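> Quick check, what structure comes out for this input:
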Amino acid sequence: MKIALIAHDKKKDEMIKLAIKYKDVLKNHELYATGTTGTLVMGETALPIKRMKSGPLGGDQQIGSMIADGKLNLVIFLRDPLTAQPHEPDVSALLRLCDVQNIPLATNTASAEVMLQHIEECEKNKK
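As a prediction, this is how the structure comes out:
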C-alpha cells in the first residue's frame, strides 16, 4: 500500500507520535511525505520515506498529482484547522482530489488510528 503523510506545523509532533506508535504497520508499506514532515518522521522512526517538497513550496501539489494519477492508497493529513494556512487552496484541492479519486483520507489522529488499526488487523489475518 502507498501511504502519504502530511502534517501542518502545529501537528507535526502528533504525526511523529502516530508514526512511532504504528511503526510496525507503516514499515510494511511505501511511504511518501511532504518535506519537513518526512524528515521529522524519518528522524524519529528510521522509516524509509520518499520526500516531496515542503507543503507550501509545492509538496501538497506533488502529493495531489500522485492522488490524481492513482498512485496513492491512503492519505494521512493531520491538519491544523485553527491556523490560517497561506497555501489553503492547495490543501483544499488535495482534500477534494481524495474525494474525487475515492482515496481514504484521515485528517486527524483519531481517524488515522482507525485506518492504521484496520490495516494492522488485515495484516494479522493474512498470516
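> Am I right that I6 sits in a strand?
Yes. Assessed with DSSP: H, G, I helix; E, B strand; the rest coil, I6 lies in a strand.
> low-confidence ranges in the protein?
Counting by pLDDT under 70, the chain contains low-confidence ranges at 127.
> Kindly recompute the last result at 80.
Along the chain, segments meeting pLDDT under 80 span 84-87, 127.
> Going along the chain, name the strands of it.
In the chain, the segments counted as strands under DSSP state E are 2-7, 30-33, 49-51, 74-78, 105-106.
> Export those strands to CSV and append columns for distance to D99 and mean neighbour count.
From N, CA and C alone the C-beta is placed, and that goes for glycine too. Output for the strands of the chain, formatted as CSV (distance: least, Cβ to Cβ, whole Å; neighbours: other Cβ atoms under 10 Å):
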stretch, distance to D99, mean neighbour count
strand 2-7, 15, 24
strand 30-33, 19, 22
strand 49-51, 24, 18
strand 74-78, 11, 24
strand 105-106, 8, 20
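> Dump the ones you listed into TSV; add distance to G58 as well.
As requested, these are exported to TSV (distance: least, Cβ to Cβ, whole Å):
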stretch	distance to G58
strand 2-7	13
strand 30-33	14
strand 49-51	12
strand 74-78	16
strand 105-106	20
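> All the helices of the chain, residue numbers only.
Applying DSSP state H to the chain gives helices spanning 12-21, 23-26, 35-45, 59-68, 88-101, 109-126.
> out of the ones you listed, nearest to F77?
F77 lies closest to helix 88-101 among these, at 7.1 Å (Cβ to Cβ).
> Can you dump the C-alpha atoms of the closest one in CSV for me?
Taking Å, rounded to 0.1, in the frame of the first residue of the first chain, the C-alpha atoms of helix 88-101 are listed here in CSV:
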residue,chain,number,x,y,z
GLU,A,88,-5.0,26.8,1.8
PRO,A,89,-6.1,26.5,-1.9
ASP,A,90,-3.6,23.7,-2.3
VAL,A,91,-4.8,22.0,0.8
SER,A,92,-8.5,22.2,-0.3
ALA,A,93,-7.5,20.8,-3.7
LEU,A,94,-5.7,17.9,-2.2
LEU,A,95,-8.8,17.0,0.0
ARG,A,96,-11.1,17.4,-3.0
LEU,A,97,-8.9,15.0,-5.0
CYS,A,98,-9.1,12.4,-2.3
ASP,A,99,-12.9,12.6,-2.6
VAL,A,100,-12.9,12.5,-6.4
GLN,A,101,-10.5,9.6,-6.5
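> Cool, thanks, talk later.
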